[in-house]
Structure formats: structure tokens, C-alpha cells
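[1] next input, structure requested:
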Amino acid sequence: MVKSVNRIFGVALAAALVSVATTARESDQPQATFFAPVEVPLVSVEVFVSERDGRPVQGLSLEDFEIFEDGTPVTISHFYAAPGVVEPSTGDSPEHDGQWTDNGPEQDLYLVIFFDDTNLSRGRRQAAVDHLSGFLGSELPADLQVMLVRYDGGMHVDQPFSEETDEVIAALGEIQGSASLSRRLDEDRILREMENSITAASLSRQGSLDILEAAGYSLLQNIDSYAEQTVHRIRNGIANQKRMIRSLSGLRGRKAMLLVSDGVEARPGERLYRAWAQTFGDIPAFQLESKRAFLRASRHNLGRDFNDLARFANGHRVSIYTLSALGSGQARATSAETRLMDEYGLAADQATSEDLTMSYMAGITGGRPLVNSPALSEQLDTVSVELASYYSVAFEPTHVGDGKYHRLEVRVKRDDVRVRHREGYLDVPRSERMADLTMAAAVHGVADNPLGIALANGEITRRGDGTYLVPVIITVPIGGLVLIPAEEEHRGQISILLTVRDERGGLSSPQIREYPVPVANAHLAAALSQQAGFTLRLAMRPGKQRIVVGVRDDIGRTESVTAIEVLVGDSAGVDG
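    Got it, this is the predicted structure:
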């Protein structure tokens with residue numbers, strides 16, 4: 001009996017290995033062992049090739065491309081030309097499916113529109129929704145499916161993946177009723193306090209220095225608090241974006257995420273610290289502290305977090321498109337509360353800093369930065385053309401799951417074109433790939449089960465703390481596993497991975513356990529037609545839960561995922 005206990009978002013997990021049932025039938029000789037070949041996952045890169053004026057270049061072939069991994073040329077094993085770049089002279093109709101040199105990775109496109117409601121004003125969200133509704137109502141690639149997600153401190157799927165654009169447009173309209181918050185409100189409040197403190201001091205006939213010193217200390221504490229809270233909020237948002245990206249990697253095809261926000265702060269509070277130093281730096285009590293304003297801001301540098309997010313997206317074949325209110329520097333120019341920022345030239349610095357962060361994430365993932373402005377419709381038209389006008393090149397790496405980040409460069413043998421693609425990828429370890437598959441099943445309901453594993457839940461009982469104990473029984477056909485012969489037994493090895501999604505969209509982190517599957521040589525023939533059984537006991541809150549289990553044959557390199565829906569609580573017939 002093997003037991004382990006973990007806690008994942010309030011879900012307690014206890015796993016017990018149930019011994020394999022065998023019969024009395026014996027075999028004189030061990031059976032032959034069958035090994036599955038080690039598969040090498042393809043690395044696919046979507047490449048956008050355009051003329052100087054932005055028009056897609058048509059008619060390129062495999063021979064026009066070169067691809068380099070970490071500076072070393074690799075052989076292109078698969079090549080695909082999308083419908084938008086196949087020249088009409090080929091005789092294909094507009095509805096053709098593109099051109100392959102060989103069968104290769106699927107090219108269906110999954111687009112997630114991700115609203116960051118912790119950093120998005122209602123007015124700008126409304127403008128984005130209006131333009132996006134027009135975009136979805138236009139002519140789009142036939143293989144496109146769209147999903148709507150909101151993040152307000154928790155992740156909510158407002159519209160699962162659908163190719164029915166009318167459904168998605170309707171769901172977009174309903175998003176307007178949800179709450180949102182622009183972090184600029186807090187920043188503007190602190191700036192107003194600075195201006196008010198200067199005004200109060202200037203109106204005071206005596207004690208103005210005391211008033212400024214008291215205000216300066218108070219404001220510095222407020223800025224510290226603002227910066228720390230903003231860092232926490234942004235990091236939580238990045239963690240949820242990574243979860244969504246990870247779930248997408250379990251889908252076969254192209255993936256893109258359109259991140260809608262008011263912009264991102266790479267160094268939260270930096271402009272406030274600088275404004276504070278400009279305002280109070282001449283006061284003797286603050287001269288030293290004003291020189292340390294940059295050091296205070298540097299403690300909250302999120303540049304590495306955004307770089308990690310972009311690389312994470314590359315590792316899971318997800319392009320990031322960013323849609324923000326910035327881009328032209330106009331977001332703050334009309335704000336009556338930002339005179340102090342404008343006076344010190346900080347408004348322009350803000351726009352530039354946030355633009356660079358958004359553009360960076362889009363650029364290295366092969367996406368595109370978009371601006372939430374009246375010209376957004378034209379920008380989305382460009383995206384629409386781009387989604388149907390690309391080339392895909394793929395190669396087989398010499399390494400498998402090494403966990404390292406590898407840089408990519410795609411070259412086109414023409415001097416008069418522009419080439420854009422993701423700049424690298426993370427060679428995800430096999431254990432993480434299994435987690436990706438379970439996340440995809442939990443969020444999108446997509447599962448593949450070649451091992452034929454089965455799930456069932458046992459009797460649900462209520463615990464003293466108000467949660468419920470839910471036994472989940474997993475059975476794995478032994479005949480589908482690769483077994484290694486030893487002196488007295490054949491031994492298999494499996495990994496079991498579990499994640500849970502509740503009815504509110506909450507998602508637990510995947511938890512993994514490894515188990516041996518020993519079968520005595522004398523019982524091998526009988527065991528091959530039987531099941532290995534495992535029981536996971538979960539402490540769960542009331543409500544509808546989707547329990548996803550992934551099983552990996554660690555020797556045969558085969559992975560299976562399946563799920564069950566369980567209604568936990570009084571409504572499920574459990575005694576209350």
C-alpha cells in the first residue's frame with residue numbers, strides 16, 4: 001500500500017495503490033516484451049512573410065526557407081503554405097486547405113480573448129468589445145475557434161471554444177455587465193494627494209515645511225503600498241495567463257491569446273517614486289531618500305516576469321497579441337489629475353515603458369501589439385489577413401524534453417521581405433507535457449485515451465469540516481502497458497496526474513505520483529487481460545467538479561487523459 005497526501009487549492013489528495021488482481025494460472029516462460037518507439041515531438045514555427053508595404057508574400061516553397069536552432073541549421077521536415085499565401089495560379093479554389101509537402105502538425109487555430117479586468121477601465125473595455133464584435137463578424141479563417149476569458153482575481157470562462165461567431169459575439173456583449181478596475185485610479189489618487197500637499201503648504205502662512213514633511217512621509221508609505229499590491233496583482237494575473245497558455249498547449253494546432261488591458265507596468269510605482277522625488281527632493285529631510293527613489297522602484301521590477309511569460313508562451317506554441325490603451329501616448333494626456341506627471345515629463349515615460357513591455361511580449365512570440373484606438377478595426381483587419389496568410393515550417397529536434405530554452409531563426413532566401421515568427425521555444429519535459437494534457441481536458445474538455453483508462457467515483461461522505469470525501473477509482477489495462485522483464489517479474493512504471501476544476505472555473509495545480517506495476521512472471525499471461533487499480537481520495541467542497549486524471553506509461557511513452565463530472569454535496573444525494 002502506497003499513501004501520500006497533498007493539498008491543492010483546498011483539495012486534499014490521498015492516493016493508494018491497489019494490488020493487481022491475478023488468477024492461479026501460471027506460465028512457464030516470461031512473455032515477450034513489446035517496446036513502443038520513442039516519439040520525437042515536432043517543433044512547428046508559424047512564419048509571417050510580408051512585402052515592405054505589409055502585404056503577405058505568396059508562392060513561397062520549402063526551398064525558400066531555412067531554419068536555425070541556437071544558431072545551427074536544422075532540416076525542415078514539414079512545410080505548410082496557408083490558403084492566403086498560395087498563388088491563384090496553382091488552380092486551387094479559395095476554399096482549399098493550403099499546401100503540404102507532407103502530413104504534419106494540424107493547423108486549426110484556437111484564439112483566446114483574455115480580458116484582464118484587474119487592469120481595464122469599463123470605457124476601454126467597451127471600445128475593445130465593439131471593435132472585436134466587428135472583427136468576429138467579418139470573414140475569418142474557417143478553422144478558427146474563439147474562447148472568451150475574464151480575469152478579475154479569478155479566471156472565468158465566459159465562452160468556451162466555439163466556431164459559431166454569433167455565440168461568441170453574444171457572449172462579448174454580456175461581458176459589459178461584469179465589473180472591472182483600472183489601476184490608474186489608485187495612481188491618480190496618489191498624484192492628487194501630492195498636488196494637494198503642495199497647495200496646502202503654499203497656502204499656509206507658517207509651518208509649510210512641517211506640512212510638506214508630514215505629507216512626504218505619508219505619500220512615500222502610500223507609494224510603497226501601491227507598488228507592493230500592484231506587483232502582487234500583476235504576478236497573480238501572469239500566473240493565470242500561464243495556466244490558460246498551458247491548457248492551450250494540450251490542443252493540437254495553432255494557438256493565440258489576445259490580452260486586453262490598459263497596459264502593463266514593468267516597474268510598478270516607478271513613476272510615482274520619481275514624481276515624489278521631484279516634489280519633495282529639495283526638502284532637507286528627504287534629500288537622501290529622494291536619491292534612493294530609483295532603488296525603491298527597482299525592487300519591484302517585473303521585467304523578468306514578463307520575459308518568462310513570453311518564453312512560456314513560446315514553449316507552448318502560443319502567440320500573444322496585446323491590445324492596450326497605449327501606443328500613441330494619449331492615454332494620460334487628457335487626464336486633469338496628471339499635471340504633475342506632465343510637468344516632469346513622466347507621462348511620456350509611462351507610455352514608452354508600457355508600450356515596450358507590450359510590444360516585447362507580442363514580438364518574441366510571433367504576435368502583434370494592437371492599440372485600443374479608433375483605428376483598431378483596421379489593425380484587426382490586418383490580423384485577420386495574417387491568420388490566413390502564413391507559412392509553417394517544422395523540424396525534429398535532436399533532443400527531447402531537455403527543459404532548456406532554444407532560440408529559433410527562420411530565414412527566407414529573399415532580401416526584399418520582412419519575416420516575423422516566435423523567437424524560441426522551451427523544450428518541455430515529458431512530465432510537464434502530461435500536465436498540459438490534463439489542463440486541456442480540465443479547461444477545454446479535450447482528452448485522448450489510447451491506454452483505455454477508466455474512472456469511477458465511490459461513495460461520497462461528508463466530513464466534519466463541511467467538505468466531502470470523494471473516492472476516485474482509476475483502472476488501467478495492464479495489457480496496454482510496456483513491461484520490462486526481470487528475474488522473477490515483469491515490471492511496468494506509470495505516472496498518475498490529477499487536476500480538478502470547479503463550477504466557478506477554479507483550477508487546481510496538477511499533482512503527479514509515480515507507481516510501479518509489478519507482475520510476477522508466473523501470472524503474466526493472466527495479468528495482461530486484467531486491470532491495475534488505483535484509488536484517489538479527494539476532500540472537496542460542495543458543487544459540480546470536473547476531475548481529470550492523466551496516466552502516462554513511463555516506459556512505453558504513451559499518455560492517456562480522461563475525466564468525470566462529480567456533483568458533490570447535498571444535491572448529489574449525500575446525507576447532509
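
[2] show residues contacting the helix or strand containing Ile320.
    Taking DSSP states H and E as the definition, one finds Ile320 inside strand 318-324. For strand 318-324, contacts defined as C-beta atoms under 8 Å, 6 or more residues apart in numbering pick out 46, 128, 245, 248-249, 254-264, 310, 313, 354, 358-359, 361-362, 365-372, 376, 383, 422. To be clear about C-beta, it is placed using only N, CA and C from the backbone, and glycine gets the same treatment.

[3] let's see it at 7 Å
    128, 245, 248, 255-263, 310, 313, 358, 361-362, 365-372, 383, 422 (C-beta atoms under 7 Å, 6 or more residues apart in numbering).

[4] same check on stretch 158-168?
    110, 136-137, 144-150, 171, 174-175, 444.

[5] please repeat the previous calculation with a cut-off of 6 Å.
    Leu136, Gln145, Val146, Met147, Leu148, Arg150, Ala171 (C-beta atoms under 6 Å, 6 or more residues apart in numbering).

[6] which of the contacts of strand 318-324 fall in helices?
    Counting by DSSP state H, these place Ala128, Ile245, Leu248, Ala310, Ala313, Met358, Met361, Ala362, Val383 in helices.

[7] re the thing from before, can I get the strand holding Ile320 in PDB, CA atoms only?
    Taking C-alpha atoms only, strand 318-324 is exported to PDB below (Å, rounded to 0.1, in the frame of the first residue of the first chain):
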ATOM      1  CA  VAL A 318       1.100  30.200 -28.200                       C
ATOM      2  CA  SER A 319       1.400  33.600 -29.900                       C
ATOM      3  CA  ILE A 320       0.500  36.700 -27.700                       C
ATOM      4  CA  TYR A 321      -1.400  39.600 -29.300                       C
ATOM      5  CA  THR A 322      -1.600  42.600 -26.900                       C
ATOM      6  CA  LEU A 323      -4.500  45.100 -27.000                       C
ATOM      7  CA  SER A 324      -3.900  48.100 -24.800                       C
END
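
[8] how close does the residue nearest to Ile234 when sequence neighbours are not counted get to Thr558?
    Among residues not flanking Ile234 along the chain, Leu302 sits closest, at 6.0 Å (C-beta to C-beta, 6 or more residues apart in numbering). Distance from Leu302 to Thr558, counting by C-beta to C-beta, to the nearest Å: 40 Å.

[9] and stretch 513-522, what's buried?
    Arg513, Tyr515, Val517, Pro518, Val519, Asn521, Ala522 (16 or more other C-beta atoms under 10 Å).

[10] what stretches of this structure score poorly on pLDDT?
    1-40, 88-105, 200-208, 325-355, 570-576 (pLDDT under 70).

[11] can you pull up the most central residue in it?
    Ile245 (2.2 Å; C-alpha atoms, centre = their mean).

[12] circling back: between Leu302 and Thr558, which has more neighbouring residues?
    Remark: of Leu302 and Thr558, Leu302 carries more neighbours, 20 against 17, as counted by other C-beta atoms under 10 Å.

[13] quick one: buried residues of the strand ranked longest in the chain?
    Taking DSSP state E as the criterion, the chain has its longest strand at strand 489-502. By 16+ other C-beta under 10 Å, the buried positions in strand 489-502 come out as 489-490, 492-502.

[14] pick out the most distant pair among those.
    Using C-beta to C-beta, the two most remote members of the buried residues of strand 489-502 are Glu489 and Asp502, lying 41.1 Å apart.

[15] returning to what we had before: okay, now the sheet partners of the strand holding Ile320, with direction.
    strand 254-260 (parallel), strand 369-371 (parallel) (DSSP bridges).

[16] that older thread, packing partners for the longest strand of the chain?
    helix 430-444, strand 511-520, strand 543-553 (3 or more C-beta pairs under 6 Å, 6 or more residues apart in numbering; DSSP states H and E).

[17] can I get the CA coordinates of the longest one in PDB?
    C-alpha atoms of helix 430-444 as PDB (Å, rounded to 0.1, in the frame of the first residue of the first chain):
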ATOM      1  CA  ARG A 430       7.600  15.000 -20.700                       C
ATOM      2  CA  SER A 431       6.200  15.300 -17.100                       C
ATOM      3  CA  GLU A 432       5.100  18.900 -18.000                       C
ATOM      4  CA  ARG A 433       3.600  17.800 -21.300                       C
ATOM      5  CA  MET A 434       1.400  15.300 -19.300                       C
ATOM      6  CA  ALA A 435       0.300  18.200 -17.100                       C
ATOM      7  CA  ASP A 436      -0.500  20.200 -20.200                       C
ATOM      8  CA  LEU A 437      -2.800  17.500 -21.400                       C
ATOM      9  CA  THR A 438      -4.700  17.300 -18.100                       C
ATOM     10  CA  MET A 439      -5.100  21.100 -18.000                       C
ATOM     11  CA  ALA A 440      -6.500  21.000 -21.600                       C
ATOM     12  CA  ALA A 441      -9.000  18.300 -20.500                       C
ATOM     13  CA  ALA A 442     -10.000  20.300 -17.400                       C
ATOM     14  CA  VAL A 443     -10.500  23.700 -19.200                       C
ATOM     15  CA  HIS A 444     -11.500  22.700 -22.700                       C
END
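
[18] after that helix, heading C-terminal, what element do we hit next?
    Following helix 430-444 in sequence, per DSSP H and E, is strand 454-457.

[19] Leu302 contacts Ala266, correct?
    Yes: judged on C-beta atoms under 6 Å, Leu302 makes contact with Ala266 at a distance of 5.4 Å.
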